[in-house]
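Peer 1: how would this look folded up:
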Amino acid sequence: MGGGPIHALLRLLAWLSPSFPTGAYTYSHGLEAAVEAGFVRDRASLADWAGFVLEHGAGRSDAVLFAAAHRAVTAADEAGFLWALERADALRGTRETALESAAQGTAFLGAVAAAWPVPDLERWRTLVAGSGRAPAHAVAVALCAALAGVPLGAALAGFLHAVVANLVSAGVRLVPLGQTDGQRALAALEPVVARHAAWAETASPDDLGSRAPMVDWTSTSHETQYTRLFRS
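Peer 2: Sure, this is the predicted structure:
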C-alpha cells in the first residue's frame with residue numbers, strides 16, 4: 001500500500017466508518033436509559049446530549065488521551081504511550097462504559113492488524129499486551145493513526161466526529177427519529193467537534209477529567225433496565 005496524505009486519509013475514513021468491525025452499533029453510552037427517562041426525546045435534546053458527552057463527559061478525557069497517545073507514538077515514546085494507555089483504561093465511570101471502550105479498542109486493533117499493513121504495529125501491540133490492560137478505543141485509534149502518518153489534528157477530529165455520530169445513530173433508533181433529523185443533529189454538532197478537537201490538540205494532562213454525573217447515572221441505570229437494545 002502506498003503512502004502519502006491521500007492514503008492516510010483513506011485509512012482514517014475506513015477505520016472510523018460504521019462498517020469497521022468494532023461493534024460500535026451495539027453501544028449507546030447510557031443514551032438508551034436517557035431516552036427511557038425522557039432526558040432525550042427529540043433532535044435538539046439528542047444533539048445537546050451528544051455534545052455534552054463530547055465536551056464534558058468521556059469525550060473530554062478521551063480527546064486529551066488520544067492526543068497524548070498520538071504524540072507518544074510519533075515520538076517512539078513507549079513510556080508516554082503506556083501512561084495514556086493506563087489512564088484511558090482507568091478513567092471509566094461505569095462497568096458498561098469500560099466494556100464499551102475496551103471491547104471496541106481490542107476489536108479495532110485486531111481488525112487493523114488483520115487487514116491493514118500499518119508499519120510497526122505488532123511491536124506496539126506487544127507493548128499493550130505486556131501492560132495487562134485492554135486498549136481503550138481512543139488510544140487504539142490514536143496508535144494506528146500515528147503509525148499510518150495521519151496528522152494529529154485530522155485524526156482527532158475524525159475520532160471525535162465518529163463518537164458523536166455513533167451517539168446520533170443510537171438516538172435515531174431509540175427516540176426514534178428519521179434519518180434526516182439524524183443528519184441535522186450531526187450538522188449541529190459539527191462546530192462542537194471542531195472546537196473540541198482544536199482544544200484537545202494542545203491540552204495538557206492537567207486537563208484530564210470529566211463532569212458528567214448524569215451520563216454516569218444513566219449508564220449505571222442501564223445495567224438494570226428492563227428492556228435493552230444496546231450493551232451500554
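Peer 1: can you count the residues close to residue 114?
Peer 2: By other CB atoms under 10 Å, the residues close to residue 114 number 8. Yep, even glycine has a C-beta here, placed from its N, CA and C like the rest.
Peer 1: Now the host helix or strand of it: average pLDDT?
Peer 2: Under the criterion of DSSP states H and E, residue 114 resides in helix 95-115. On average, the pLDDT along helix 95-115 is 97.
Peer 1: who touches that helix?
Peer 2: With contact meaning CB atoms under 8 Å, 6 or more residues apart in numbering, helix 95-115 is reached by 15, 20-24, 27, 29-30, 58, 62, 88-89, 92, 118, 121-122, 125, 128, 134-141, 143-144, 216, 219-220, 222-223, 231-232.
Peer 1: and the angle for the lowest-mean-pLDDT helix or strand in the chain with helix 95-115?
Peer 2: When the helices and strands of the chain are scored by mean pLDDT, DSSP states H and E, helix 5-15 comes last with a mean of 91. Counting by axes from the mean of the first three to the mean of the last three CA atoms, to 10 degrees, helix 5-15 lies at 130 degrees to helix 95-115.
Peer 1: that older thread, list the buried residues of the helix holding residue 114.
Peer 2: 96-98, 100-109, 111-112 (16 or more other CB atoms under 10 Å).
Peer 1: The next helix or strand after the least confident helix or strand of the chain: which residues count as buried?
Peer 2: Sequence-wise, the next helix or strand downstream of helix 5-15 (DSSP H and E) is helix 31-37. By neighbour count with 16+ other CB under 10 Å, helix 31-37 contains the buried residues 31-36.
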